[in-house]
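J.: predicted model and sequence below, questions to follow.
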Amino acid sequence: MRGRDVICILDFKRSELERLFRIASTRFEGDELRGKVVALAFFEPSTRTRLSFETAVLRLGGGYIGFSSAEGTSIQKGESFSDTIRMLDAYADAIVVRHRIEGAAKLAAELAEAPVINAGDGSKRHPTQAMIDLYTVWREKGSVDGLTYGVLGDLRYGRAARSFILSLTLFNPKRVYLIAPKGLEPKQELLERLKLDYELTDLSVLPELDVLYVTRIQKERFPDPAEYERVKGSYKVDLKLLEDAKGGLMILHPLPRVDEIDPEVDRTEHAFYFKQAANGVPVRMALLQEVIG
Amino acid sequence: MNEKKLIVSKIANGTVIDHIPAGKALKVLKILGITGEEGYRVALVMNVASDRLGRKDIVKVEDRFLSKEEVDRIALIAPTATINIIRDYKVVEKREVELPDVIEGIVKCINPNCVTNQPREHVKPRFKVLSKKPVKLECHYCGEVMGEGEIAP
């Protein structure tokens, strides 16, 4: 993967992801990025993604530069995204980009000689999140294959859910259930890409699930605020719902959560979302080591 | 052209775009940027009988030849069209339009949040042609997929 851009989860083969998972699950020396500088260009707010990239760089002995919003940068003076990327390309060995505009990471990859890692652009792609999600399943269940998945929430505007669903096409899940409130169903274009056994359904399938992937409703990406008001709070995972769950059910959530998982669920054996968030560091360490280490 | 009687006379030099789907001739003229004020002699025939298409449109433009980009754009809205190059009243070249595998610069992405629709970035739109019949394009940058009704060349 040396020097490679990371734009979309589908740019990867299953074997490459499994190699990444093996690296993520082993010990790092701590000097893999010595002398390397990573630019963290976050044009849109982020907590976990940015901090876990920062931690990953530091734990590998590298340094980072960057910003966590467009405020305070020359973007506010009218500088283009393209010019900002050209500048970062001159300073850093790799560029991690998050942007609200779709295709921003792809454009950055064309402009920069340094490898570009997409840390989420618009409502479509979030490849490193998908890597972390798959890694969490792989680590806990021993394999991504043969399991029954439910993906619950905003399947229309949520890039994490979209990337996770697409990433499952690289493996052999037993079945994938897509569970979305009315109006937040996946776009036809996504469904057409799913070469796997899937079904649009509701939470009545819960007893069948090995993995339940929950996402937040993406308030910030709704074209119409009234539409958001209509669907907010339309699903919730709580102890009552989980009475019907299988013993080994894993609940994942890319976080942040709002009210879609009751905090009481955190204490159950099903809650894997904090572990998933913690996995952000070793997976991003593995990725950085592979790309520029 | 197999009409029993030609509606308009032959041209000496120029281009005849035949087998345009009925009703699309004005769009073809628009793609070519022909408003009438340029002074070209233009003949436009609409909704005439066609063995192949049932009904078709035809556009004839004297002393005007098409660039590759123009042919690609015509292919997007009139995939059945044939282009005849006329020199000295004779057809010297006849070819069908065909969409290339990649289209650059001639179509806008329908996703308003796509980086190609940000004026500050000056990015030329680029699409992978997923399917030629029916036309289906995928944005190289944001991955949006556009079907026939959504494409505006």
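T.: Structure's in. What do you need?

J.: near chain B, which residues of the stretch 101-250 of chain A?
T.: A:101-104, A:106-107, A:121-125, A:189, A:192 (Cβ under 8 Å from any Cβ of the partner chain). For the C-beta atoms, the positions are set from N, CA and C on the backbone; glycine is no exception.

J.: show the buried residues in these.
T.: Buried members of these, scored by 16 or more other Cβ atoms under 10 Å in any protein chain shown, are A:101-104, A:106-107, A:121-125.

J.: could I get the full set of strands for the chain?
T.: Using chain A here. A:37-42, A:63-67, A:94-99, A:116-121, A:148-152, A:175-179, A:198-201, A:211-214, A:250-252 (DSSP state E).

J.: hmm, no, I was thinking of chain B.
T.: B:14-21, B:42-50, B:54-62, B:82-87, B:90-96, B:102-104, B:126-131, B:136-139, B:145-146.

J.: pull stretch A:151-162 out as PDB, backbone CA atoms only.
T.: The C-alpha coordinates for stretch A:151-162 follow below in PDB (Å, rounded to 0.1, in the frame of the first residue of the first chain):
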ATOM      1  CA  VAL A 151     -27.600  -1.700   9.700                       C
ATOM      2  CA  LEU A 152     -30.000   0.700  11.500                       C
ATOM      3  CA  GLY A 153     -30.500   4.400  11.100                       C
ATOM      4  CA  ASP A 154     -29.900   7.100   8.500                       C
ATOM      5  CA  LEU A 155     -28.900   5.100   5.500                       C
ATOM      6  CA  ARG A 156     -29.400   8.000   3.200                       C
ATOM      7  CA  TYR A 157     -27.100  10.700   4.400                       C
ATOM      8  CA  GLY A 158     -24.800   8.800   6.700                       C
ATOM      9  CA  ARG A 159     -21.400   8.200   5.200                       C
ATOM     10  CA  ALA A 160     -20.300   5.800   7.900                       C
ATOM     11  CA  ALA A 161     -23.400   3.500   7.400                       C
ATOM     12  CA  ARG A 162     -23.000   3.800   3.600                       C
END
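
J.: let me know the pLDDT of residue B:89.
T.: Predicted confidence (pLDDT) for residue B:89: 94.

J.: I should have written residue B:3 there, sorry.
T.: At residue B:3, pLDDT is 48.

J.: mind listing what residue A:70 touches?
T.: By Cβ atoms under 8 Å, 6 or more residues apart in numbering or on different chains, the residues touching residue A:70 are A:43, A:76.

J.: can you check what pLDDT the model gives it?
T.: pLDDT, read off for residue A:70, is 81.

J.: residue A:226 now?
T.: At residue A:226, pLDDT is 86.

J.: what's the local residue count around it?
T.: Number of residues near residue A:226 (other Cβ atoms under 10 Å in any protein chain shown) recorded here: 7.

J.: identify the residues contacting residue 133.
T.: With no chain named, the answer covers chain A. Neighbours of residue A:133 in contact, by Cβ under 8 Å, 6+ apart: A:160, A:164, A:167, A:213, A:252, A:254, A:276.

J.: wrong one, chain B
T.: Contacts of residue B:133 by Cβ under 8 Å, 6+ apart are residue B:79.

J.: torsion angles phi and psi at it?
T.: Dihedral angles phi and psi of residue B:133 (degrees, to the nearest 10) take the values phi -140, psi 110.

J.: distance of whatever residue of the stretch 101-250 of chain A ends up closest to chain B relative to residue B:121?
T.: Closest to chain B within the stretch 101-250 of chain A is residue A:103: 3.0 Å, counting by Cβ to the nearest Cβ. Distance of residue A:103 to residue B:121, computed by Cβ to Cβ, to the nearest Å: 10 Å.

J.: what touches both of these two?
T.: residue B:115.

J.: my guess is residue A:178 meets residue A:196, correct?
T.: No - judged on Cβ atoms under 8 Å, residue A:178 makes no contact with residue A:196 at a distance of 11.0 Å.

J.: those two - which one has more neighbours?
T.: The neighbour comparison of residue A:178 against residue A:196 (other Cβ under 10 Å) goes to residue A:178, with 21 against 16.

J.: spatially nearest residue to that one (excluding sequence neighbours)?
T.: Sequence neighbours aside, residue A:200 is the residue nearest to residue A:178 in space, at 5.1 Å (criterion: Cβ to Cβ, 6 or more residues apart in numbering or on different chains).

J.: now, which of the residues of the stretch 101-250 of chain A next to chain B sits nearest residue A:67?
T.: The shortest approach to residue A:67 among those belongs to residue A:104, at 14.7 Å (Cβ to Cβ).

J.: isn't residue A:115 right up against residue A:293?
T.: No - using Cβ under 8 Å, residue A:115 is not in contact with residue A:293, being 11.4 Å away.

J.: list the contacts for residue A:291?
T.: A:1-4, A:6, A:94, A:115, A:117.

J.: number of nearby residues for residue B:42?
T.: Every residue meeting other Cβ under 10 Å relative to residue B:42 is counted, giving 19.

J.: local confidence estimate at it?
T.: pLDDT, read off for residue B:42, is 94.

J.: kindly report the same for the one 3 residues further on.
T.: According to the predicted model, the pLDDT of residue B:45 comes to 94.

J.: for the residue lying closest to it once chain neighbours are set aside, give me the pLDDT.
T.: In space, residue B:45 comes closest to residue B:58 once its chain neighbours are excluded; the distance is 4.2 Å by Cβ to Cβ, 6+ apart. With respect to pLDDT, residue B:58 scores 96.

J.: same deal with residue A:132?
T.: Each residue has a pLDDT score; the one for residue A:132 is 98.

J.: what does residue A:115 give?
T.: For residue A:115, pLDDT reads 98.

J.: how about residue B:6?
T.: In this model, residue B:6 carries a pLDDT of 62.

J.: least trustworthy helix or strand in the chain by mean pLDDT?
T.: In the absence of a named chain, this looks at chain A. Of all helical and strand segments in chain A, the minimum by mean pLDDT, DSSP states H and E falls on helix A:225-231, at a mean of 84.

J.: was after chain B, sorry
T.: Per mean pLDDT, DSSP H and E, helix B:68-77 ranks last in chain B, at a mean of 88.
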